[in-house]
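Visitor: My questions concern the predicted model and sequence given below.
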Amino acid sequence: MPPQIRILDDPETLAEAAAARCEEILRRAVATAGTAHLALAGGRTPRALYRRLARRGGIDWRRVHVWFGDERAVPFDDPRSNYRMARETLLEHVPVPPAQVHPMRARPPCLRDDAEAYAATLCALAPLSALGVPCLDLVLLGLGADGHVASLFPGTRALAERDDPVAAVDEPGIEPPRLTLTLPVLDHARHLLLLVAGEEKAAVVRRALAEAPRGEPLPVQRLAPRGTLEWFLDAAAAAGVPREGA
Ligand SMILES: O=C(O)[C@H](O)[C@@H](O)[C@H](O)[C@H](O)COP(=O)(O)O
């Protein structure tokens, strides 16, 4: 299924449109299966979305399991923690049962043990494909200037991982080390929402959406979703995207 691309005027209207779409997906998942499995992105872009999600009244958060796409190996009260950002902008404001919030504990030098532990929880609680891959209802992703999604950075073992659902990211140059969901889990999500805002992302968006990929595929170009992939871009990030009818 080709990616759907929505271009919104600015980060605030992007956040509002993405929040409406998240609510629609989560409501449908809860109505269908009685529960919904959501993985949050880290970084800056999702903040405005999470604040809006916290204010939307149509999600039965008691039925939602909240996972993380990735996490830095820092304490949960560290300003760099994705869990801290999500807690402050969303989780403190919605009635998700604490047992259904699954922070990623990433504690060097035991990163691989932490990856295995997170994978075990994910596989125990989330629906699985016939081959045992966790199938989340909605995975939110940002996009790095190098084309990374979650913490699947170019040239890393985590990006190449095709079996384990969670991988450690501790290659030289990646500081702090991280844990990340791997491509199989991202590809098995029912819905992937990619949130990209700002002129500093225009170049990577243009390359990522180019008809004829050149050179080594970017991590974001390695996504092969079985479900839907929806890009939510603001006008600045979409500056190089050919407009239909343009
Ligand atoms: O832990 C992280 O940093 C994120 O998971 C990462 O993948 C992020 O989504 C991108 O780097 C974009 O970050 P911004 O939204 O801050 O541009």
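Guide: Thanks, I have it. Numbering: from 1, shown residues only.

Visitor: Flag every residue of the protein that's near the ligand.
Guide: 41-45, 69-70, 82, 142-144, 148-151 (CB under 6 Å from any ligand atom). (Glycine included, C-beta is placed from N, CA and C.)

Visitor: Which of those residues fall in strands?
Guide: residue 70 (DSSP state E).

Visitor: tell me the secondary structure for the closest residue to residue 63 other than its chain neighbours?
Guide: Excluding the flanking residues, the one nearest residue 63 by CB to CB, 6 or more residues apart in numbering is residue 30, at 4.5 Å. Under DSSP: H, G, I helix; E, B strand; the rest coil, residue 30 falls in the helix class.

Visitor: now do the same end-to-end measure for stretch 6-17.
Guide: 9 Å (CA to CA, to the nearest Å).

Visitor: got a list of contacts for stretch 116-126?
Guide: 37, 65, 67, 102, 104-105, 132, 134-136, 164-166, 179, 185 (CB atoms under 8 Å, 6 or more residues apart in numbering).

Visitor: do the same with stretch 199-211
Guide: Residues contacting stretch 199-211 (CB under 8 Å, 6+ apart): 3, 5, 143-147, 196, 213-214, 218, 220-221, 231, 233, 236-241.

Visitor: Just the buried ones from the residues of the chain next to the ligand?
Guide: Buried residues within the residues of the chain next to the ligand, defined by neighbour count using 16 or more other CB atoms under 10 Å: 41-43, 45, 69-70, 82, 142-144, 148-151.

Visitor: can you list those in TSV and add pLDDT?
Guide: Formatted as TSV, these follow (pLDDT from 0 to 100):
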residue	pLDDT
41	98
42	98
43	96
45	97
69	98
70	98
82	98
142	98
143	98
144	98
148	98
149	98
150	98
151	98
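
Visitor: tell me which of the residues you listed is nearest to residue 51?
Guide: When these are ranked by distance to residue 51 (CB to CB), residue 45 comes first, at 12.2 Å.
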